[in-house]
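>>> Quick one, fold the following:
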Amino acid sequence: KSFGSSSCTRQNRNPAKMNSRLPVYTITLSLQMTVEAVLWGRNIPATEASQHGEGSIGRWCLERTPWHRTLLLSLVPAYHGSTALESVFMSSSNLATLCTADMWQCEGNKILAAEVGFSNNMSTWNFSTMLDVYSKYWDLDRPVLLEKSPNQLLHVKAMREGLLRVQMPLRMQHHGVRALTLKYVMMWRPLCLWTLSTKSIASLTKTPRAWILRELELYETMVEAHRYLSSVGQEPLVINFADLLWNPRATKARIESFVPCLGDLDFEKEIELGKTVFLGNHWKLSGAVHSFAREHDPKSCCGYLMNPNGTGGACSGASVMEFQTERDGIFRGNVLAFLHQDEKERIGKALNFLQVQSDSVVASG
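Numbers count the residues shown, from 1 in each chain. The predicted model follows:
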C-alpha cells in the first residue's frame, strides 16, 4: 500500500544549492537536524503523531517533510529473534522492506552480495550504492525504510559514518528523497531462551563452551555498540527478546514511541506469503509472534520468570537446563557452568547493562 504521494507538496530543496562549499556529510547532517526540528521540535511534538490512525500517520509524516525518510536499522544477531522482530515491524503498513528482492529473510547484505558483490564486511561498502540497490525494492512512498543485516551489529560505527557522508543516489532523489534520519533498534536474547533456537540447541550439543563464549562476545558487542551510539547522540532502543514475546503491550508502546511514523503495530498479524514475503525469502517464522508466545510458556520452555505485574522478568538462577552433548553425554545444570569465574562476571555485567536499557524510555528524537 502506498500513501497518496500526490497529496504531498514536494518542497524545492536542493542540497547542492544550499551551500556548494559544504562537504556532502555536512549537508546531510544539516538536513537531518532540520528534519528533527520539523518533526519533533517544540512546535510539533512527537505526541502529535499518535493522534493519527496507522494509515493517516504515514501520510502525516510524508506531508510534513516529503523529502525525508526514517532509516530503521535492526541490530540483532543472527538466529537470536531478528525475524520475529522484523515481523512485528512488518505489521505496519508504513514500513518499507527489502522483501521484494526475493532474497533470504529479506536481508540487505544478501541482496548486495548477489547484485554488486559486496562482502559481509560493511566497513568496505559504498553506501550510496547500497541505498541505490535498496531503493529498487523499498516502497519509497512509505515513511520508514527497514535495513536488516544481522552482521550490522559488528559494523555500527563504520555504517553510521558512511551513511552520514553518503551522497543520496539519483533513484532516491528522483523520488524526492533528500535526507535520512537513522534509528537503531537493538534486541538481545536472555541466556535461558536458548531452548527456542534450533541453532543454539545444535551448538550446545557440539561445543557448549564455544557457544556460551560466543553469547558473551555478542552481549559485549551490543554494550559497546550502545555506548558508541549514545556517545554520538543516537541512543538505540533496546528490547529484551523475552519482552517481545511475553510483554507485547509494553514493547509495542516503546517501539511506537521511538519510531512514531510506524504507526500502530500488531503483534497478532501473520505475515502473508505472496503479499508481504515471497518464496525466495524462505521466511522462517510461521504464524504471528503473539501466537508463538502463547504456545511457549516462559517458565516451562525456558526457566524464564515473568514479574508478577507482567512487566519484564529474568532467567531463574535455580533453573536446570538439560541437553545432550556429543562428547560428555547428558548435561544437567546452568550453561554458566562452562564459563570461568572472570567470564561469568563479564557476562553478568553485560546482561545487567542490557536489562537496564530494556527498561528505559528512549526519546523519539
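
>>> Spell out, range by range, the strands that occur in the protein.
With DSSP state E as the definition, the chain shows strands at residue ranges 68-75, 95-96, 144-148, 179-188, 237-240, 304-306, 313-315, 321-325, 329-333.

>>> For those, give me TSV that also has mean pLDDT.
TSV is the format used below for the strands of the chain (pLDDT from 0 to 100):
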stretch	mean pLDDT
strand 68-75	97
strand 95-96	97
strand 144-148	97
strand 179-188	97
strand 237-240	98
strand 304-306	91
strand 313-315	89
strand 321-325	62
strand 329-333	65
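
>>> With distance to Leu285 as extra columns, can I get these in TSV?
Heads up, the C-betas are built off the backbone N, CA and C, glycines and all. Formatted as TSV, the strands of the chain follow (distance: least, CB to CB, whole Å):
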stretch	distance to Leu285
strand 68-75	14
strand 95-96	16
strand 144-148	13
strand 179-188	14
strand 237-240	16
strand 304-306	20
strand 313-315	22
strand 321-325	24
strand 329-333	29
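
>>> closest to Thr129 out of those?
With CB to CB as the measure, strand 144-148 is the member of those nearest Thr129 (13.7 Å).

>>> So what's the gap between that closest one and the chain middle?
Averaging C-alpha positions (CA atoms, centre = their mean, to the nearest Å) puts strand 144-148 8 Å from its chain's average.

>>> Show me what that strand is in contact with.
Residues outside strand 144-148 that contact it (CB atoms under 8 Å, 6 or more residues apart in numbering): 69-74, 76, 82, 86, 89-90, 92, 94-98, 105-108, 134, 138, 180, 259, 261-262.

>>> So in this structure, which helix runs the longest?
Longest helix of the chain, by residue count under DSSP state H: helix 208-231.

>>> and that helix, average pLDDT?
Average pLDDT, helix 208-231: 96.

>>> I'd like to know which elements it is packed against.
Helix 208-231 sits against helix 156-165, strand 179-188, helix 198-206, helix 341-358, with contacts defined as 3 or more CB pairs under 8 Å, 6 or more residues apart in numbering; DSSP states H and E.

>>> got a list of what the closest residue to Pro77 other than its chain neighbours touches?
Spatially, and ignoring its direct neighbours in sequence, Pro77 is nearest to Leu218 (5.0 Å; CB to CB, 6 or more residues apart in numbering). Shown in contact with Leu218 (CB under 8 Å, 6+ apart): Pro77, His80, Leu153, Trp188.
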